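Engineer: Predicted coordinates and the sequence they were generated for:
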Amino acid sequence: MTKLYGILSERSMALAGLQPSSSMSNDPSNNNHDDHHQAQMSALLINEKYQSKLGIKTYDYQELISIIDRFNHHSQDKGAHDHHQVEIASFNSSNQIVLSGTRVGVLAACSELNELEIANRAADLPCSAFMKPASQGMKIGLESIRFRVPETPILITRNLPSTSPPTESTSQFTPTTRLQKRRRRTGIRGEEEVIETVYITEQDQLADLKTHLYRSICRPVWWTETVNQLLSSSSPSSSSVEGEKNTQLVFVGPGKALHNLCKKQIAFNAAHQPADTVHSTSDVVGSRSLATMEDFKSLIH
């Protein structure tokens, strides 16, 4: 998937006349014209003091979304809107977001967030938010693939128009009332949208899964929302002791990035419990990574 993402990124940027940038330049005032045609994606760490001030409001995302919206409007007023367009591409955890857009725009936004003591730029990635051409290619590719009903429910967090009715589900994993609670207005790109977490469990939902996969290439990724839904879900296998629920999220892959993000989210949730959580103070919540042979051996023993 990582290789496929890289190929799609390169192809989509070529169609848009853009080039990826992974340079660590820290000069947002650089007026190099090439920066207006280079795409950039940068991860930012949210300042702990700012995060503590927000507290439970962190789960609404509205504060950060509004700040980026104001940055874009300010750039538009200065006549630089096309060159400074920036958006939040991913909500990785309560203390990490990813900005994407033109290189000059992302650098300027990172600088402003740093000056406001809201977030610090942590890493630059050689990928792009200009993925709409690639999403159409992915759509064609997915249409040629036959999906089967998953043996284990697949959880997705998707972007929907605000007029879309809440998705109903009869699955034991997804009570309809909980899904309604997890729908939130985002205001991304100045549009009225909602995000919705839902499990894919039935044949008639497979088309929705394909739509979600190709649209996600050029829409925000709500990873934090997905993790919080997994942490708050009741499953028949999560109970260990009467009156106590033991929830363990296991991340299988070549690295430990997702596991580390989840650990931080669990710690944040313990200090700022979401209003719609189903955990009690006696619940045990944790995560582990299966990234090496040693990890798998420790799981067996």
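Structural biologist: Right, received. Where do you want to start? Numbers count the residues shown, from 1 in each chain.
Engineer: looking at this protein, which helix or strand is least sure?
Structural biologist: For the chain, counting by mean pLDDT, DSSP states H and E, helix 176-181 ranks last in confidence among helices and strands (a mean of 38).
Engineer: what pLDDT does Asp276 get?
Structural biologist: Here, the pLDDT recorded for Asp276 equals 54.
Engineer: cool, and Gln205?
Structural biologist: Taken from the predicted model, the pLDDT recorded for Gln205 is 91.
Engineer: Provide the secondary structure category for it.
Structural biologist: helix (DSSP: H, G, I helix; E, B strand; the rest coil).
Engineer: three-state assignment of the nearest residue to it once chain neighbours are set aside?
Structural biologist: For Gln205, the nearest residue in space outside its immediate sequence neighbours is Val198; the separation is 8.0 Å by CB to CB, 6 or more residues apart in numbering. All C-beta spots, glycine's among them, are computed from the backbone N, C-alpha and C. On the three-state scheme (three-state DSSP), Val198 is labelled strand.
Engineer: neighbours around Val198, how many?
Structural biologist: With neighbours defined by other CB atoms under 10 Å, the count for Val198 comes to 27.
Engineer: what does Arg146 give?
Structural biologist: Arg146: 5 surrounding residues under other CB under 10 Å.
Engineer: Next, work out how far apart it and Leu107 are.
Structural biologist: For Arg146, the distance to Leu107 under the criterion CB to CB, to the nearest Å works out to 44 Å.
Engineer: Ok, Asn228 next?
Structural biologist: When Asn228 is compared with Leu107 (using CB to CB), they lie 31 Å apart.
Engineer: same thing with Leu99?
Structural biologist: Taking CB to CB, one finds Leu99 at 10 Å from Leu107.
Engineer: Which neighbours do these two have in common?
Structural biologist: Here Leu99 and Leu107 share the contacting residues Ser42, scored by CB atoms under 8 Å, 6 or more residues apart in numbering.
Engineer: Walk me through the domains of this protein.
Structural biologist: The record's domain split for the chain, according to automatic domain parsing, is 2-129, 234-301.
Engineer: First residue to last residue on stretch 113-133, what's the distance there?
Structural biologist: Using CA to CA, to the nearest Å, the gap from the first to the last residue of stretch 113-133 comes to 30 Å.
Engineer: how about the CA coordinates for stretch 89-98, as PDB?
Structural biologist: As requested, the backbone C-alpha atoms of stretch 89-98 are provided in PDB (Å, rounded to 0.1, in the frame of the first residue of the first chain):
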ATOM      1  CA  ALA A  89      -5.000  16.200   5.600                       C
ATOM      2  CA  SER A  90      -5.000  13.900   8.600                       C
ATOM      3  CA  PHE A  91      -6.000  13.900  12.300                       C
ATOM      4  CA  ASN A  92      -3.500  11.400  13.500                       C
ATOM      5  CA  SER A  93      -4.100  11.800  17.300                       C
ATOM      6  CA  SER A  94      -5.100  14.300  19.900                       C
ATOM      7  CA  ASN A  95      -1.600  15.800  19.700                       C
ATOM      8  CA  GLN A  96      -0.700  15.400  16.000                       C
ATOM      9  CA  ILE A  97      -2.100  16.700  12.700                       C
ATOM     10  CA  VAL A  98      -0.800  16.700   9.200                       C
END
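Engineer: Could I get the full set of strands for this protein?
Structural biologist: Listed from the start of the chain, the chain has strands (DSSP state E) covering 19-20, 38-46, 86-93, 96-102, 119-125, 154-161, 184-185, 193-200, 239-241, 244-252, 284-290.
Engineer: and Leu258, which of those strands is closest to it?
Structural biologist: Distances from Leu258 to each of the strands of the chain were compared by CB to CB, and the smallest falls on strand 244-252, at 4.5 Å.
Engineer: in its sheet, what does that closest one sit against?
Structural biologist: strand 239-241 (antiparallel), strand 284-290 (parallel) (DSSP bridges).
Engineer: Which of those strands sits closest to Arg219?
Structural biologist: Of all those, it is strand 284-290 that lies closest to Arg219, at 25.7 Å by CB to CB.
Engineer: Let me see the ranges of the helices in the stretch 201-301 of the chain.
Structural biologist: 206-215, 223-232, 257-271, 293-300 (DSSP state H, counting those that start in this stretch).
Engineer: For the last one, give me every contacting residue.
Structural biologist: Around helix 293-300, the neighbours that count as contacts under CB under 8 Å, 6+ apart are Arg288, Ser289, Leu290.
Engineer: ok, 6 Å please
Structural biologist: Leu290 (CB atoms under 6 Å, 6 or more residues apart in numbering).
Engineer: With that, I have no additional questions.
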